[in-house]
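return a 3D structure for these sequence lines:
(2 chains)
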2 protein chains.
Amino acid sequence: MLTVAAETERIAEGNVTSAQGFRAGATAAGVKNGEPTRLDLAVVVADEPCVAHAVFTQSAIVAAPVIVSRERVAGGRAQGMVLNSGNANACTGDQGLAAALSMADATAEHLGVDPRLMLVASTGVIGVPLPVDRIRRGIVALAPTATGGHDAARAIMTTDTVAKECAVVVEIGGRRITIGGMAKGSGMIHPNMATMLAIVTTDAELDVRVARGALRAATELSFNQVSVDRDTSTNDTLVLLASGAAGGASIQPGTPEATRFAGALEAVCIDLARKVARDGEGASRLITVVVDGARNEVEARRVAREIACSPLVKTAVYGRDPNWGRIMMAIGNAGASLAPHTIDVFIGDVQVAADGGAIPFDAAAVSEAMGANEVIIRVDLNGGFGHGEAWGCDLTEQYVKINAEYTT
Amino acid sequence: MLTVAAETERIAEGNVTSAQGFRAGATAAGVKNGEPTRLDLAVVVADEPCVAHAVFTQSAIVAAPVIVSRERVAGGRAQGMVLNSGNANACTGDQGLAAALSMADATAEHLGVDPRLMLVASTGVIGVPLPVDRIRRGIVALAPTATGGHDAARAIMTTDTVAKECAVVVEIGGRRITIGGMAKGSGMIHPNMATMLAIVTTDAELDVRVARGALRAATELSFNQVSVDRDTSTNDTLVLLASGAAGGASIQPGTPEATRFAGALEAVCIDLARKVARDGEGASRLITVVVDGARNEVEARRVAREIACSPLVKTAVYGRDPNWGRIMMAIGNAGASLAPHTIDVFIGDVQVAADGGAIPFDAAAVSEAMGANEVIIRVDLNGGFGHGEAWGCDLTEQYVKINAEYTT
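This next block holds a predicted model:
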């Protein structure tokens, strides 16, 4: 993490409404038949139009709400987003596109917002028509408030077992700026898994170029380090809304203020990404991988991600087996330039391999470290100054059970 | 598969000694402590020096035997290979390299073969010194025979539950040519898994350029379609030895004979690759993915592989859930040029999606097809003439169990 992360101050129970100028709310729209009382429709809305940026799935097959939101946010402005769980509105054709537009526009109308500024996101089963009538009835019941962030975070959960949210305060240019966010996604235990949705809100006044640059950089270091780009779902969406409600001059690109903002945004995104990894389907432990000594940061991140994504490493962590050979195998597959005979591997505080080969180590101490809530795997490639981190979780029988039984 | 594959004739219980001019054998060398009676050391040797080619792991971290074999086979000639299971001799440094050389040279000496023509391969745990003394004692006990192919196939098994072998006869230029092979590998249920070793022998007289071209092409269509290149282990090795014992003129590049040979070699490699997929760790079913209508063959293979590799598709097959949305998601992530609204998806004989969207289908019939020993997923992208196939297996709790408990 950047040093600036230490300078942020965490807000207890912070979330997407912690920053000034935002309201949120949720309701049970009955998106899924048979679940009429489950919160499944959420809205996050700003009092005024915001500077906005978003990043979306890189898949060649994108859901209807992604098409709508991508187009609406392209100009760098948005005021809110409506989100549903229980149905991805993906592979639903022209009808699905009409449904996504209808969902966004009905929300805009209900809240008195310009429809061109209302974004939309969906998560859930693919290929089933969105029950747009039920959703429109739910939209009318939405009454967003400045304390509604937690309900919104709950409403976007699918197989998630906990709501994922956080907020921090950071001083920038003499003002206290708040950045808060929520995320969903628990199927990232492997590449190719379930949808990741996230919204981050801030009351900073941002130049749109700062919003874009900071969100792109934070994504690289956080969400992209739990889910490899090429393996994103049809619906993955991450939105940044900046209300400017904290006042002050607009933060300009290339300034120390922009750097401070980027660092704090990175801290929020990493926090959310770690929560996504920790809540991986069936997971019992968070795996944090730290790689140093790569030729550059990009290669360091790639090696870290390869280790965090490897099913063999994940099962070894589940079995608390200090099988560092699997870590070496993952390193070898990362497509990075490296010298095998200079690699050191640590699990927790214990070195388990030196100069690319075996060394004696205390197996009981390593097994203990592999039983921790957060298992830390550290690799030094000793070939440069590149540093990178990635997060994953162990792979358990429960993951298979959840995904074999999750049904269309 | 190429049409020519239909023109091959399968040999009952065929294997690596089916072709003329080859002998094989195996012994229990006690590579793994506590398993003194398990066959774990194998040799395949030709009566005379062969035309040879081999392909190896693309990993940046390769095992010592890969370094030795890669160098020795580079000239296009080899006479045999010694293989052990129970220890990968990877991440074992200079000592490991010396051990691999010693293992190969001792075999050459025992069998009266030029050591420069003796290849070596290992599979098993990474980072543990090869017990070279026990292996050298085992080598002296090796007595390869013309009927020893099956024992050799058994001796290279690790978590494999069955020996994988086959042989075919094909008429080329008026002569009956035999091609036979053996393979091991059962950890390919996901990318990043265990070692794949395979040897294919033939009594055809091959120009070395035909050996190289045909093996490269067959690999692309077979083993690379169960295990993505970038995810190979430290030890993956596939060797082709051509004895020429069937007689006749050498098969030259660019001739109809070379094409026929390539087709038959492809059939053998696909058969072995399918056996590797079917025996995936913990697997209950083989998944065959057939993609048509891609812009070209490379993209068709990529899409097929992405589907066959997706944990969500694998768990859906295990759960017999006709969740075609997961297939669409995998298609979207393959990095292929495609139009989402033209995609048709079939499971078994039943169409489950048309024009990229939902259609009514008989869920019971699909669930039935998903319970077959071989589950066939067919995708038509309707965007060209590219055809490709890939193979995988379902993902079960048993996979997790095996890999959490497999211990260093």
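
going by C-alpha atoms from here, please, whenever you check contacts or count neighbours.
OK.

report the buried residues of stretch A:110-125.
Applying a neighbour-count criterion of 16 or more other Cα atoms under 10 Å in any protein chain shown, the buried positions in stretch A:110-125 are A:111, A:113, A:115-125.

what number of residues lie near whichever residue of the stretch 101-250 of chain A sits closest to chain B?
Taking Cα to the nearest Cα as the measure, the point where the stretch 101-250 of chain A comes nearest chain B is A:Ile126, at 4.7 Å. Taking other Cα atoms under 10 Å in any protein chain shown as the neighbour definition, A:Ile126 ends up with a count of 27.

equivalent analysis for the one 3 residues further on, please.
Residues lying near A:Pro129 (other Cα under 10 Å) number 19.

that one - nearest residue in space that isn't next to it in sequence?
The shortest distance from A:Pro129 to any non-neighbouring residue, by Cα to Cα, 6 or more residues apart in numbering or on different chains, is to A:Thr92 (6.0 Å).

quick check on that neighbour: phi, psi?
As for A:Thr92, its main-chain torsions (degrees, to the nearest 10) stand at phi -120, psi 10.

next structured bit after the one helix or strand A:Gly213 maps to?
For A:Gly213, the enclosing helix or strand under DSSP states H and E is helix A:208-221. Of the helices and strands lying after helix A:208-221 in sequence (DSSP H and E), the nearest is strand A:237-242.

tell me what whatever helix or strand comes next after that following strand is packed against?
Beyond strand A:237-242 in the direction of the C-terminus, DSSP H and E gives the next helix or strand as helix A:256-278. Applying 3 or more Cα pairs under 8 Å, 6 or more residues apart in numbering or on different chains; DSSP states H and E, we find helix A:256-278 packed against strand A:164-172, strand A:175-184, helix A:208-221, strand A:286-294, strand A:386-393.

and stretch A:314-324, anywhere near chain B?
Yes - interface with chain B: stretch A:314-324 contributes A:315-324 (Cα under 8 Å from any Cα of the partner chain).

of these, which is the most crowded?
When the residues of stretch A:314-324 next to chain B are compared by neighbour count (other Cα under 10 Å), A:Val317 ends up highest, at 28 neighbours.

tell me what angle the helix or strand that contains that residue forms with strand A:386-393.
Element membership of A:Val317, judged by DSSP H and E, is helix A:311-318. Angle between the axes of helix A:311-318 and strand A:386-393 is 70 degrees (criterion: axes from the mean of the first three to the mean of the last three Cα atoms, to 10 degrees).

for the helix or strand following helix A:311-318, output the C-alpha coordinates as PDB.
Using DSSP H and E, the helix or strand that follows helix A:311-318 in sequence is helix A:324-332. This file holds the C-alpha atoms of helix A:324-332, laid out as PDB (Å, rounded to 0.1, in the frame of the first residue of the first chain):
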ATOM      1  CA  TRP A 324       6.100 -24.100  -1.400                       C
ATOM      2  CA  GLY A 325       6.700 -26.000  -4.700                       C
ATOM      3  CA  ARG A 326       3.200 -25.000  -5.800                       C
ATOM      4  CA  ILE A 327       4.000 -21.300  -5.100                       C
ATOM      5  CA  MET A 328       7.100 -21.800  -7.300                       C
ATOM      6  CA  MET A 329       5.000 -23.300 -10.000                       C
ATOM      7  CA  ALA A 330       2.600 -20.400 -10.000                       C
ATOM      8  CA  ILE A 331       5.500 -17.900 -10.100                       C
ATOM      9  CA  GLY A 332       6.900 -19.700 -13.100                       C
END
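
other SSEs contacting helix A:324-332?
helix A:297-309, helix A:311-318.

for the helix or strand where A:Pro65 lies, buried residues please.
Secondary-structure element containing A:Pro65, defined by DSSP H and E: helix A:64-73. If you call a residue buried by 16+ other Cα under 10 Å, then helix A:64-73 has these buried ones: A:64-70, A:72-73.

quick revisit: and the residue of the stretch 101-250 of chain A closest to chain B, what is it in contact with?
By Cα atoms under 8 Å, 6 or more residues apart in numbering or on different chains, the contact list for A:Ile126 reads A:87-91, B:324-326.

including pLDDT and distance to B:Asp279, could those go into TSV?
Compiled in TSV, the contacts of A:Ile126 are given as follows (pLDDT from 0 to 100; distance: Cα to Cα, whole Å):
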residue	pLDDT	distance to B:Asp279
A:Asn87	94	35
A:Ala88	93	34
A:Asn89	96	37
A:Ala90	94	34
A:Cys91	94	33
B:Trp324	93	24
B:Gly325	90	26
B:Arg326	90	23
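
from these, which is closest to B:Arg302?
Within those, distances to B:Arg302 taken as Cα to Cα reach their minimum at B:Arg326, with 16.1 Å.
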